[in-house]
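A.B. asks: attaching a predicted model along with its sequence, questions to come.
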Amino acid sequence: MIAAPMPPIRRLALDRRAFLRGSSACIALPWLDAMTPALLRVPPPPPSPRCVFVFSPNGMNMAEWRPDGAGRTAKFGATLAPLAQVRDRVTVFSGLAIDAGFAHGDGPGDHARAAASFLTCAHPFKTGGADIRVGVSIDQVIAARAGGDVPFPSLELGMESGARAGVCDSGYSCAYGNNIAWRTPETPVAKETDPKAVFARLFGDPQKAIDAATAKQRREVDRSVLDSVLAEAKSLGARLSPTDRQKLEQYLQAVRELEQRLERLDDGAKERAPVPAGLATSGKGYRDRLEVMYELIAMALATEQTRVVTLMLGNAGSNRSYDFLGVPDGHHDVSHHGKKPEKLAALAKINRFQVEQLAAFAARLEATKTPNGDLLSQTLVMFGSGIGDGDRHNHDDLPVLLIGEGGGAAKGRGHVTVPKGTPMANLHVSIARAMGGQDKAFADSTAPLDLR
């Protein structure tokens, strides 16, 4: 009896840097099983840790922020409650300080110093002129070392635009309050605040998308980025396993939906810019734009377009209104609460909203698979502010938390209280080491923090 011939064995093996290419666009692919060479039992590639730094202006309602208790059994209050889904992967630090945020004889300007020192842990030189100087930020230290084999060594994003020149806070240059990423002590890295431009940069031709006008013109000509790569996607799908085909379809659908949401977004024409203290602004569009920004970050990390991201939820001293939360007064105004219950409650609403968006981002990373586990296991997300209590403008006992494992370098520890005045730079050193560095010191650090 002649045995039936065995079905042919597929030998498709995609490069893990594979792209779908069209006439004017290319889209990086997430991890697919087909990226493992056929017929070979090979271990997954080594983990590629990623890191995200999220800056919140104006401090927190610390009574609502601080967990009750210590360690993994600590109880998260109303502000941190949205993190319940990833609770076991979170560490909240109490006691960290940025000494460089204090005046040191320079007088007022705590908001500018809070932003400028958040990732540099360096004291900014007080000037309103061109002679700005602070320090290199930890994200740029990491990007210089870990970003050599990705399209974008780092990605700088923000929710509010801002000038580099001029004076914005008590004699401090606007550059200090509008940037947290510094490539050199004298050079901030400009952030992108338009989600459409970020999308074009990541999923279009990077060289063309660098110029905003060119990117806008290309999007007007091309109905959709996906349209130009759809034919190749269909061809590739026919050669994939059912599991990979489903992954590809889900990924392309996510890109399509994100693109459609970008088209529907308020492009800023109806959204007012932050205004001086005492005046309310319209927050219409902010929630949608922030959600899209987080989605873009997740896709950029999943496709390894970059491994280092910074996001400013607002510029230093932001006085944006959160009308959609029932907070018509400006953020900066309510942060100067004077212990008034109504202002503290309004600040807590803003803080919780920020954590809700962060939690949704973490959940998205958790749902994204990589060859080494979910994407959150490969990522460290640091969230915090350079000010503790906005009414006191203190730069110690800062609200800071960490989510994710960074490729195994970290583990959720619940609530960790470090000795009073422990330099925030200690945490930065630990993150840099998790990203593959051998860093022993950064700024005023004294020793790396234990992340496990």
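C.D. replies: On my side now, so go ahead. Residues are numbered from 1 along each chain as shown.

A.B. asks: check which element follows the helix or strand encompassing Ala345 along the chain.
C.D. replies: Here Ala345 is covered by helix 341-367, with elements defined by DSSP states H and E. Going down the chain from helix 341-367, the next helix or strand is strand 369-370, by DSSP H and E.

A.B. asks: let me see the mean pLDDT of the following helix or strand past that next one.
C.D. replies: Per DSSP H and E, the first helix or strand lying C-terminal to strand 369-370 is strand 373-374. Mean pLDDT, strand 373-374: 92.

A.B. asks: which outside residues touch strand 373-374?
C.D. replies: The contact list for strand 373-374 (Cβ atoms under 8 Å, 6 or more residues apart in numbering) reads 365-368. (Glycine included, C-beta is placed from N, CA and C.)

A.B. asks: what helices or strands is the helix or strand following that strand leaning on?
C.D. replies: Downstream of strand 373-374, the first helix or strand assigned by DSSP H and E is strand 379-384. In terms of contacts (3 or more Cβ pairs under 8 Å, 6 or more residues apart in numbering; DSSP states H and E), strand 379-384 is packed against strand 50-55, helix 341-367, strand 400-403, helix 424-434.

A.B. asks: which of those is buried the deepest?
C.D. replies: strand 50-55 (a mean of 27; mean count of other Cβ atoms under 10 Å).

A.B. asks: what residues does it touch?
C.D. replies: Here strand 50-55 makes contact (Cβ under 8 Å, 6+ apart) with 115, 118-119, 138-139, 142, 180, 297, 301, 306-313, 358, 375, 378-386, 406, 431, 434-435.

A.B. asks: how about the helices in this structure?
C.D. replies: Taking DSSP state H as the test, the helices found in the chain are 62-65, 110-118, 138-146, 174-178, 195-203, 206-209, 212-221, 230-238, 242-264, 286-302, 331-335, 341-367, 424-434.

A.B. asks: so, low pLDDT: which residues of the stretch 301-450 of the chain?
C.D. replies: Residue ranges of the stretch 301-450 of the chain with pLDDT under 70: none are present.

A.B. asks: likewise the stretch 101-250 of the chain?
C.D. replies: 204-235, 237-238.

A.B. asks: just checking, Leu347 touches Gly338?
C.D. replies: No. Applying Cβ atoms under 8 Å as the test, Leu347 and Gly338 come out as separate, 11.4 Å apart.

A.B. asks: can I get the helices of the chain in CSV including distance to Arg413?
C.D. replies: Shown next, in CSV, are the helices of the chain (distance: least, Cβ to Cβ, whole Å):
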stretch, distance to Arg413
helix 62-65, 17
helix 110-118, 22
helix 138-146, 21
helix 174-178, 32
helix 195-203, 33
helix 206-209, 38
helix 212-221, 42
helix 230-238, 42
helix 242-264, 32
helix 286-302, 23
helix 331-335, 28
helix 341-367, 16
helix 424-434, 12
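
A.B. asks: for the ones you listed, which one ends up most surrounded?
C.D. replies: Most buried of those by mean neighbour count (mean count of other Cβ under 10 Å) is helix 110-118; its value is a mean of 30.

A.B. asks: which other helices and strands does that one contact?
C.D. replies: Contacts defined by 3+ Cβ pairs under 8 Å, 6+ apart place helix 110-118 against strand 50-55, strand 167-169, strand 172-173, helix 174-178.

A.B. asks: in TSV: those, plus distance to Thr127.
C.D. replies: Below are these laid out as TSV (distance: least, Cβ to Cβ, whole Å):
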stretch	distance to Thr127
strand 50-55	22
strand 167-169	9
strand 172-173	6
helix 174-178	9
